Each structure stands twice: as structure tokens, then as C-alpha cells.
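*Asks:* Need a 3D model of the following:
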Amino acid sequence: MRSTFKILFFLKRDKKKSNGNVPLFCRITVDGQEVRFSMKCEVNPKYWDVKTGRATGRTVEAAKTNTLVDNTQAALFKVYRELQERNNYVTAEKIKNVFLGHEQKQNTLLELFSSHNEVRKSKIGVTVTKSTYLQYVLTRRYIAEFLESKYSLTDIPVMEINREFIAEFETYLIKQHDLSRNYVGNLMKKFRHVINLALDKEIIYKNPFKEHKIQKEKVDRGFLIQSEIEALLNHQFEDERLERTRDIFIFCTLQVYPTWTQKP
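*Replies:* Residues are numbered from 1 along each chain as shown. This is a model prediction of the structure:
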């Protein structure tokens, strides 16, 4: 998404120095939102052209000021273009922070996965099943393997995840690990959940999963026979939530086939 981007250099006339000079400031505007910062430079207002945003005259001071202005403008445009290419979402504050070297540490995918998984682990048996937690752990491991084999990377910034990365990772799971389409779909849902977490935290502003459809295949699961029902009934689950799910399933099953509870 393209945005309106403007740069203006101006004098902060309400901060006039005792020598008559005025501080030079830069204002960045993106989509109507603006930020400003000091250029750490003073200019005599008599030698400043408001229309061009440049110092006038042929003095050494004017030349230094205009060189500073030109270099700053070029650097800001470079930052703007890089941010556009990186995550397609730019703010004036981001441009200023990157230019001034105040950009926050980039959030990486595997770090985000690890912190997410730790939270999930703490909720096992409460709101999360152990099997669900282990699927998140496995998804993270597969992503780490994929990064190493495909890109020779140990991690990747979340904002660099795009549709191509997602599609290539999905293909990797199917071909390299010989996983079924439906099982891969479950792992991709775990991946998507963590990306949605990044969106919620405003780590990224564009959803790379938006145009990626997780494929599933129809599978004829058949029917459980009586011995399988009995095995399920007698199995001891570690997770209380799975126990309740099993009990509900068995109850529904015996409503359909009540003769199974009768002795011959």
C-alpha cells in the first residue's frame, strides 16, 4: 500500500539564539501524520529560503547546511523505500526512528514461537491439551529445520515472512517429511496462529496468510468397531479435558448403539 510521504526542512523561529541564529528542524509527514527532529544545526533566518528549504548565499556555512539537508533527504527517502519493501506499512515515527538509529530490535519468528509455546505449556490441562502444545513445538522445530536447509538461517524477522515463504514451507513439510496433507494443514494452522499473534501485538501490519489457503483432503474415516470403542472406554488419559471429551463421545455412541452395553 503506497502512502503519501513528504519531507520539510524549516527553522524553529521560537527558539532564536543570542547570536540571532535559529535551529534547523526536519519534519516528516506520512499520510497526514507528522514527526519532527532537530538537525543539530543553526541557520541565520536572513539566509534561509522557505520555499526551497535551503540556505541561500555562497558562504561555507550555507554550503555545509545545504549538504546536510540534501544528505538527510536522500537518507530519509532510502529508509522510506526500505520500509515499504519490508512490510508495506510505514509511519513517520518509524522512518524517524530508523534514521536516528532508535529502531527497536526486530522480533524474530522462532523467538515469537518459543515465547508463545512457553505460555501454552503453562496452560496444559487447563485450557490447552498436551497434544496441542506438542504440535506447536513440532511446528517450530520444522520451521527451524526449513530455515536452515533452505536459507542457512537460524531465525528470521517476523516481518520478512511472506506468502512465498509460507507456500515453500508447506511444500517442504509434504515432500521432505512425507506428511499427509491434513496433518500438514494442522501444523500450518499452528503457524498461522502465531502469525496472528504477531498481528495482534502489532509486530507486523500485513497478514502473509491472507492469500494462502490451507488445503485439506476429504478422508473416509470409516466406523469404529465395538472392540475399538471398548479400548477407548478403558484408556486412561493424562489430560482431564481429553477424559471429558472421551466420555461425551462414548455417551453419544451408546445412545446410537445401546445394544453394545448389553451382555449376550
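*Asks:* use CA for all of it now, contacts and neighbours both
*Replies:* Noted.
*Asks:* can you count the residues close to Phe209?
*Replies:* Number of residues near Phe209 (other Cα atoms under 10 Å) recorded here: 21.
*Asks:* Strands of this structure, start to end?
*Replies:* Assigned strands in the chain, in chain order: 5-11, 22-30, 33-43, 48-49, 54-55 (criterion: DSSP state E).
*Asks:* Report all helices and strands that the longest one contacts.
*Replies:* When you say that, I think you mean strand 33-43. In terms of contacts (3 or more Cα pairs under 8 Å, 6 or more residues apart in numbering; DSSP states H and E), strand 33-43 is packed against strand 22-30, helix 92-100.
*Asks:* closest to Lys216 out of those?
*Replies:* With Cα to Cα as the criterion, Lys216 lies closest to helix 92-100 of the helices and strands packed on strand 33-43, at 39.5 Å.
*Asks:* Flag every buried residue along that closest one.
*Replies:* By neighbour count with 16 or more other Cα atoms under 10 Å, helix 92-100 contains the buried residues 92-96, 99.
*Asks:* what sits up against that helix?
*Replies:* Contacts to helix 92-100, defined as Cα atoms under 8 Å, 6 or more residues apart in numbering, come from residues 28-30, 33-37, 75-76, 79-80, 83, 103.
*Asks:* do stretch 10-21 as well
*Replies:* For stretch 10-21, contacts defined as Cα under 8 Å, 6+ apart pick out 22-27, 42-45, 50, 53.
*Asks:* And those residues, which is closest to Lys189?
*Replies:* In terms of Cα to Cα, no member of these lies closer to Lys189 than Arg27, at 42.9 Å.
*Asks:* so who does the closest one touch?
*Replies:* The contact partners of Arg27, taken as Cα under 8 Å, 6+ apart, are 7-10, 34-37.
*Asks:* Among those residues, which pair sits farthest apart?
*Replies:* Farthest apart among those by Cα to Cα are Phe10 and Glu34. That separation is 13.6 Å.
*Asks:* out of these two, which sits in the busier spot?
*Replies:* Legend: neighbour count by other Cα under 10 Å for Phe10 and Glu34, higher for Phe10 (23 against 16).
*Asks:* Can you tell me how far that one is from Thr52?
*Replies:* 10 Å (Cα to Cα, to the nearest Å).
*Asks:* what's the answer for Pro208, then?
*Replies:* With distances taken as Cα to Cα, Pro208 is found 41 Å from Thr52.
*Asks:* Equivalent analysis for Leu109, please.
*Replies:* As judged by Cα to Cα, Leu109 and Thr52 stand 44 Å apart.
*Asks:* higher neighbour count, the two?
*Replies:* The neighbour count for Leu109 versus Thr52, taken as other Cα under 10 Å, is higher for Leu109 (22 against 11).
*Asks:* Not counting sequence-adjacent ones, nearest residue to the more buried one?
*Replies:* Spatial nearest neighbour of Leu109, chain neighbours left out: Val158 (4.9 Å); criterion: Cα to Cα, 6 or more residues apart in numbering.
*Asks:* Contact partners for Phe209?
*Replies:* For Phe209, the contacting residues are 162-163, 166, 192, by Cα under 8 Å, 6+ apart.
*Asks:* Quick one: the helices in the stretch 1-150 of the chain, in order.
*Replies:* 60-87, 92-100, 109-122, 130-146 (DSSP state H, counting those that start in this stretch).
*Asks:* what's the angle between the second one and strand 5-11?
*Replies:* Okay, so that is helix 92-100. Here helix 92-100 runs at an angle of 70 degrees relative to strand 5-11 (axes from the mean of the first three to the mean of the last three Cα atoms, to 10 degrees).
*Asks:* now do the last one
*Replies:* If you take the same axes, to 10 degrees, helix 130-146 sits at 80 degrees to strand 5-11.
*Asks:* For helix 130-146, which residues meet the burial criterion?
*Replies:* Of the residues in helix 130-146, 130, 132-133, 135-137, 139-140, 142-146 count as buried by neighbour count, 16+ other Cα under 10 Å.
*Asks:* do the same with the first one
*Replies:* Residues of helix 60-87 classed as buried by neighbour count (16+ other Cα under 10 Å): 62, 65, 69, 72-73, 76, 79-80, 83-84, 87.
*Asks:* I'd like to know how far the nearest residue to Gly32 once chain neighbours are set aside sits from Ala198.
*Replies:* Closest residue to Gly32 apart from its sequence neighbours, by Cα to Cα, 6+ apart: Thr4 at 7.8 Å. As judged by Cα to Cα, Thr4 and Ala198 stand 26 Å apart.
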